[in-house]
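[1] Got a predicted structure plus its sequence, pasted below:
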Amino acid sequence: MNMKVFYSVQVSNTTIIDNEPKWMLRNDACVNIAIGIISAILDIKKDIEFLIKLPNIDDVIDIDNYEELFESKYKSNVSFYTEQIPISPIESRFSFNFDYHKSCIDIFKDIDVMINDENTLTKNWNVLFNSLKLNIPIVSTNYFLDSPIAKKVPEKIRYYERQMESFINSDIAAFQCKVGMDEALEAFDILYKDRNFIKKTSVWGVGASYKEISKYHNIEKFDVPTIYFGNRITDTANRYTNWHVFAETIGKLETNIKYKAIMLNPTHKISQQQFKEIIDLSKGRVEVIPNETKFTRDEYLKFINKSHISCNLFVNEVHGGVTSVEAGLAKNIVIMPNVNNYKYKVEKYSPNYVFAFDIENNKIDTKKLAEIIEYAFSKIGTKEYNYWSEESFKIHYSESYEMASERIIDDLDYLMKLRKSNHD
């Protein structure tokens, strides 16, 4: 192998089993991004080896071994580095066991570069490598931002300062989209006076795997027009996914078309109170996948290919969610607010896309959204639906791993040259 990459994955998807927290990785966004990035890179360059950091497998509920995450053709290029971390998307972002990692020095001696998803721990990794006298350049990814502008996390536990620190401690600070980078740099300006502290930035444009989703393109659509909401049902960060807005909107539909509206409940931990609120707001028109239902990755991919419409409603989260990219690659009409990265992609790839709706004061007008959903329903089964689904695909293919992989390879090559120059 010409290059060995240490890829540390930030996991965040948890559930409760028999009153004990467990990781759920099949539907974890960063895990699926890692799988997609690594697979797409290995399709181009077969001389790279990845060592992938994940939690101890005993703390994971939906996977028996990590080898099953990858197709067999990639398995000779991937191996796994596991450790015990708190089963909490909050605590794990602050947890770093220096003694454990130091004991693995023989493993790290073989590493050329690092892709670090754990951007709250970038400085910790740098301190570790420095103490071990290892020259390992780091690209830290920034798939989400806890900006004081958005005020998503309580100030006393927010990740913001560590994320800004990550930009300084990275050889490359990589972002999921340009709009996300712009917001991050604006947030950086609050804490630091000079952006020259940041060595290099890069926009990866990663969202989902077209190859994975296209396997099910030939599946027939549902007989009944189907709209779904695929993001988390959570009360954290001011309900940032706007699941309650979707439920309220469905309750305001005035169409005579028979349809199904489904919320996928990907974390499998909707509360009774949340469920009741969804039923009340939607007037009983929304189905919610129950917590106890096993909904595998393959079942999810089949479902989105069989569906007609996806509704994605991020307003404060600038990227717009991996789920929206997956929906577009499955050739759903994706209904979304015309803000942030949604707006950037629409303007660049399909300026006349009618299913990106304007909002005022960062608030979604549910009556207006209901009218757009009704319009989308009326197009199902027509040539217009086919046209708009292709436009949706065009918008979202820009964030496929297939398009992103060459950009990422360029960054890894840059880090290898940097490593060599540091040795010299």
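    Yep, it's here. A quick note: this is a predicted structure, and the numbers were derived from the prediction, not measured.

[2] On the three-state scheme, the nearest residue to Asn116 once chain neighbours are set aside is what?
    Spatial nearest neighbour of Asn116, chain neighbours left out: Ser140 (4.5 Å); criterion: Cβ to Cβ, 6 or more residues apart in numbering. Heads up, the C-betas are built off the backbone N, CA and C, glycines and all. With DSSP: H, G, I helix; E, B strand; the rest coil as the basis, Ser140 sits in strand.

[3] Identify the bridge partners of Ser140.
    Asn116, Ala173 (DSSP bridges).

[4] and the gap between it and Lys46?
    Ser140 sits 26 Å away from Lys46, taking Cβ to Cβ, to the nearest Å as the criterion.

[5] Neighbour count for the two, which is higher?
    Ser140 (28 against 14; other Cβ atoms under 10 Å).

[6] how much space between the more buried one and Ser8?
    Taking Cβ to Cβ, one finds Ser140 at 9 Å from Ser8.

[7] shared neighbours of these two, anything?
    By Cβ atoms under 8 Å, 6 or more residues apart in numbering, Ser140 and Ser8 have these common neighbours: 116-117.

[8] coming back round to it: OK, contacts around the residue nearest to Asn116?
    116-117, 119, 122, 166-167, 169-170, 172-174.

[9] doesn't Gly381 fall inside a strand?
    No: with three-state DSSP as the criterion, Gly381 is located in coil rather than a strand.

[10] Let's test this: what are the backbone torsions at it?
    Torsion angles at Gly381 (phi, psi; degrees, to the nearest 10) stand at phi 90, psi 0.

[11] got the residue ranges for the helices in the stretch 51-200 of the chain?
    Applying DSSP state H, counting those that start in this stretch to the stretch 51-200 of the chain gives helices spanning 98-102, 105-108, 122-131, 160-169, 178-191.

[12] do you know which of the ones you listed lies nearest Glu220?
    helix 178-191 (35.7 Å; Cβ to Cβ).

[13] what's that closest one in contact with?
    142, 145, 147-149, 160-161, 163-164, 167, 173, 175, 195, 198, 201, 203, 318-319, 340-341, 343-344.

[14] Please, a PyMOL command that selects the buried ones among those?
    In PyMOL, a selection of the buried entries from the contacts of helix 178-191 looks like this (16 or more other Cβ atoms under 10 Å):
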select buried, resi 142+145+147+160+163+164+167+173+175+198+201+203+318+319+340+341+343+344
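
[15] ok, Lys152 touching Tyr160?
    No: contact between Lys152 and Tyr160 fails when scored by Cβ atoms under 8 Å: they sit 9.3 Å apart.

[16] list the residues that contact both of the two?
    Asp146.

[17] before we move on, the earlier item: CSV for the helices of the stretch 51-200 of the chain, including mean pLDDT and distance to Phe246?
    Formatted as CSV, the helices of the stretch 51-200 of the chain follow (pLDDT from 0 to 100; distance: least, Cβ to Cβ, whole Å):
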stretch, mean pLDDT, distance to Phe246
helix 98-102, 98, 42
helix 105-108, 97, 45
helix 122-131, 97, 35
helix 160-169, 95, 28
helix 178-191, 92, 22
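
[18] Pick the most deeply packed of those helices.
    Mean neighbours per residue, mean count of other Cβ atoms under 10 Å, is largest over the helices of the stretch 51-200 of the chain for helix 160-169, with a mean of 21.

[19] Report the backbone C-alpha coordinates of that one in CSV.
    Taking C-alpha atoms only, helix 160-169 is exported to CSV below (Å, rounded to 0.1, in the frame of the first residue of the first chain):
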residue,chain,number,x,y,z
TYR,A,160,-18.2,25.6,19.4
GLU,A,161,-14.8,26.6,20.9
ARG,A,162,-13.3,23.2,20.3
GLN,A,163,-14.6,23.2,16.7
MET,A,164,-12.9,26.5,16.1
GLU,A,165,-9.8,25.2,17.7
SER,A,166,-10.0,22.3,15.3
PHE,A,167,-9.5,24.6,12.3
ILE,A,168,-6.2,25.8,13.7
ASN,A,169,-5.1,22.3,14.7
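
[20] Contacts for it next, please.
    93, 116, 119-123, 125-126, 138, 140, 142, 145-148, 153, 173, 184, 187-188, 191-192, 197-198, 201.

[21] Go through this protein and flag its longest strand.
    strand 48-55 (DSSP state E).

[22] now for that one, which elements pack on it?
    strand 3-8, helix 29-44, strand 78-83 (3 or more Cβ pairs under 8 Å, 6 or more residues apart in numbering; DSSP states H and E).

[23] Make a markdown table from the ones you listed and add mean pLDDT to it.
    Shown next, in a markdown table, are the helices and strands packed on strand 48-55 (pLDDT from 0 to 100):
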| stretch | mean pLDDT |
| --- | --- |
| strand 3-8 | 98 |
| helix 29-44 | 93 |
| strand 78-83 | 98 |
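
[24] For Asp365, which of these is the nearest?
    Comparing the helices and strands packed on strand 48-55 under Cβ to Cβ, the one sitting nearest is helix 29-44, at 27.9 Å.

[25] Using neighbour counts, pick out the buried residues of the closest one.
    Result for helix 29-44 [16+ other Cβ under 10 Å]: buried residues 29-42.

[26] what does stretch 345-353 give?
    345-346, 349-350, 353.

[27] isn't Gly117 right up against Ser12?
    Not Gly; residue 117 is Asp. No: shown here, Asp117 and Ser12 do not form a contact pair, counting by Cβ under 8 Å, at 9.9 Å.

[28] how far does the worst-scoring helix or strand of the chain on mean pLDDT sit from the chain's center?
    When the helices and strands of the chain are scored by mean pLDDT, DSSP states H and E, strand 14-17 comes last with a mean of 89. Distance of strand 14-17 from the chain centroid (Cα atoms, centre = their mean, to the nearest Å) equals 19 Å.
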